[in-house]
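Peer 1: this one's structure only:
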């Protein structure tokens, strides 16, 4: 790696002067993609190459659509489910950037249903979406994954607090605005998955 790339890599991972002087620096796992692009193949050690290969190769047999899902996934939806499952096992988050109407909600519901037993030990999941979609999400959970218990966190402050105290909840659903109001109350809660759903973008003519 030439000096210009070393400087770029150091800037990317916010390496301190002390780390550079010591010749060793640490970086978040998600920076590995960018570092991989910067480094020549010959500069990568065997462990990095093996890890990078593991990240990119999704074992289709390791992730099966759960039997309790009340829907039949299309092939690309199954691929999205397996991809998110794989990233989750590696400690990463992911973004589904499909066009509207291609089943991103269903893919996330499938992921949460597949991790149902894991959630019992770790904690519930949290879905945050525009206020206009909160009850739509609740209806989708009831429709496609009736075995998952979804609780809407909406209404006034007391009602929301009571909802968050609900026992045996698999998924909490709330809006962006209410999340901002209640952010301190969520700080002490542990979630298996935190999913966000953006609203449709309106383009001006």
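Peer 2: Received it, and whenever you're ready, just let me know what you need. Values in this document were obtained by computation on a predicted structure and should not be read as measured data. Numbering: from 1, shown residues only.
Peer 1: Is residue 61 part of a helix or strand, or is it coil?
Peer 2: helix (DSSP: H, G, I helix; E, B strand; the rest coil).
Peer 1: max-length helix in this protein?
Peer 2: Longest helix in the chain by number of residues (criterion: DSSP state H): helix 75-89.
Peer 1: can you give me how far that one is from the chain middle?
Peer 2: On the basis of CA atoms, centre = their mean, to the nearest Å, helix 75-89 is displaced by 11 Å from the centre of the chain it belongs to.
Peer 1: How about stretch 157-165?
Peer 2: The gap between the average C-alpha position of stretch 157-165 and the chain average comes to 25 Å, counting by CA atoms, centre = their mean.
Peer 1: Run through who's touching it.
Peer 2: When contacts are taken as CB atoms under 8 Å, 6 or more residues apart in numbering, the neighbours of stretch 157-165 outside the stretch itself are 151-155, 172, 174, 178, 181-182, 185-186, 189. Glycine gets a C-beta too; all of them are placed from N, C-alpha and C.
Peer 1: Do me a favour and average the pLDDT over that stretch.
Peer 2: Averaging pLDDT along stretch 157-165 gives 95.
Peer 1: That stretch: which residues count as buried?
Peer 2: 160, 163, 164 (16 or more other CB atoms under 10 Å).
Peer 1: For the first one, grab phi and psi.
Peer 2: The one in question is residue 160. Geometry field for residue 160 lists phi and psi as phi -70, psi -40, criterion degrees, to the nearest 10.
Peer 1: Contacts only, for the residue nearest to the spatial centre of the chain.
Peer 2: Geometric centre of the chain, nearest residue: residue 93, 3.7 Å, by CA atoms, centre = their mean. The neighbourhood of residue 93, defined by CB under 8 Å, 6+ apart, consists of residue 87.
Peer 1: State the distance from it to residue 109.
Peer 2: Here residue 93 is placed at a distance of 17 Å from residue 109 (CB to CB, to the nearest Å).
Peer 1: Repeat that for residue 68.
Peer 2: The spacing between residue 68 and residue 109, counted by CB to CB, is 10 Å.
Peer 1: which of those two has more neighbours?
Peer 2: Each of residue 68 and residue 109 has its neighbours counted (other CB atoms under 10 Å); residue 109 has more, 27 against 14.
Peer 1: contacting residues for that one?
Peer 2: In this structure, residue 109 makes contact with 69, 140, 141, 144, 145, 148, judged by CB under 8 Å, 6+ apart.
Peer 1: Not counting sequence-adjacent ones, nearest residue to residue 94?
Peer 2: Counting by CB to CB, 6 or more residues apart in numbering, the nearest residue to residue 94 once its immediate chain neighbours are dropped is residue 87, at 4.4 Å.
Peer 1: Give me the neighbour count for the one you found.
Peer 2: Look at residue 87: counted by other CB under 10 Å, it has 16 neighbours.
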